[in-house]
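Q: Based on what follows, work out the 3D shape:
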Amino acid sequence: MNTDPIADYLTRLRNAIAAKHRVVDVPASNLKKEITKILFDKGYILNYKFESENGPQGNIKIALKYDLKTKSSAIKVLKRISTPGSRNYTGAKELPRVLNGLGIAILSTSKGVITDKEARNENVGGEVLCHIY
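A: As a prediction, the model looks like this:
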């Protein structure tokens, strides 16, 4: 049984990138779907597809994005910040800036799962789930 589904999600992406896979399958959940949508909107992944035929929760197929010339991934680092053993909450005034604004922090807020830039615009704080750059 997996106790931290977000860490599992990030590790599957990290391992697929290290192995230069084009597509990775991840067990689906509502939070993972929201994070996947953010990654697609910000240009870190090429495409995604939700499949509900495999069991009650379904799967998410994620097509990873690579540079054509250098063969390097669009995602350099995926770092889990808040864990089940150590929750990391931040207020609207202390929101993190990842790589001085070049990366994104994904937060779980009262407005839903959003990036750090959206949280600044809406003036909300929340739990910092991960940093991506």
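Q: Asn15 sits in which helix or strand?
A: helix 5-18 (DSSP states H and E).
Q: List the buried residues in that helix.
A: Across helix 5-18, burial judged by 16 or more other C-beta atoms under 10 Å covers 6-7, 9-10, 12-14, 16-17. C-beta coordinates here come from the backbone N, C-alpha and C atoms, glycine included.
Q: for whichever helix or strand comes after it, packing partners?
A: The element immediately downstream of helix 5-18 (helix or strand, assigned by DSSP H and E) is strand 23-27. Where contact means 3 or more C-beta pairs under 8 Å, 6 or more residues apart in numbering; DSSP states H and E, strand 23-27 is packed against helix 5-18, strand 59-64.
Q: residues of strand 23-27 that come out buried?
A: 24, 26-27.
Q: Now do that strand against strand 59-64, angle only.
A: Counting by axes from the mean of the first three to the mean of the last three C-alpha atoms, to 10 degrees, strand 23-27 points 150 degrees away from the direction of strand 59-64.
Q: now strand 23-27: how far from the chain's centre is it?
A: Distance of strand 23-27 from its chain centroid, counting by C-alpha atoms, centre = their mean, to the nearest Å, is 13 Å.
Q: Equivalent analysis for stretch 112-119, please.
A: 12 Å.
Q: can I get the CA coordinates of stretch 84-102 in PDB?
A: C-alpha atoms of stretch 84-102 as PDB (Å, rounded to 0.1, in the frame of the first residue of the first chain):
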ATOM      1  CA  PRO A  84       2.700  13.200   5.200                       C
ATOM      2  CA  GLY A  85       5.300  13.300   8.100                       C
ATOM      3  CA  SER A  86       6.200  17.000   7.700                       C
ATOM      4  CA  ARG A  87       3.500  19.200   6.200                       C
ATOM      5  CA  ASN A  88       4.700  22.500   4.800                       C
ATOM      6  CA  TYR A  89       2.200  25.300   4.800                       C
ATOM      7  CA  THR A  90       2.800  28.900   3.600                       C
ATOM      8  CA  GLY A  91       0.900  32.100   3.800                       C
ATOM      9  CA  ALA A  92       0.000  34.300   0.900                       C
ATOM     10  CA  LYS A  93       2.900  36.700   1.800                       C
ATOM     11  CA  GLU A  94       5.600  34.000   2.000                       C
ATOM     12  CA  LEU A  95       4.900  32.000  -1.200                       C
ATOM     13  CA  PRO A  96       8.000  30.400  -2.600                       C
ATOM     14  CA  ARG A  97       9.700  31.500  -5.800                       C
ATOM     15  CA  VAL A  98      11.300  28.500  -7.600                       C
ATOM     16  CA  LEU A  99      14.500  29.500  -9.500                       C
ATOM     17  CA  ASN A 100      13.600  33.100  -9.100                       C
ATOM     18  CA  GLY A 101      10.300  32.600 -11.000                       C
ATOM     19  CA  LEU A 102      11.500  30.300 -13.800                       C
END
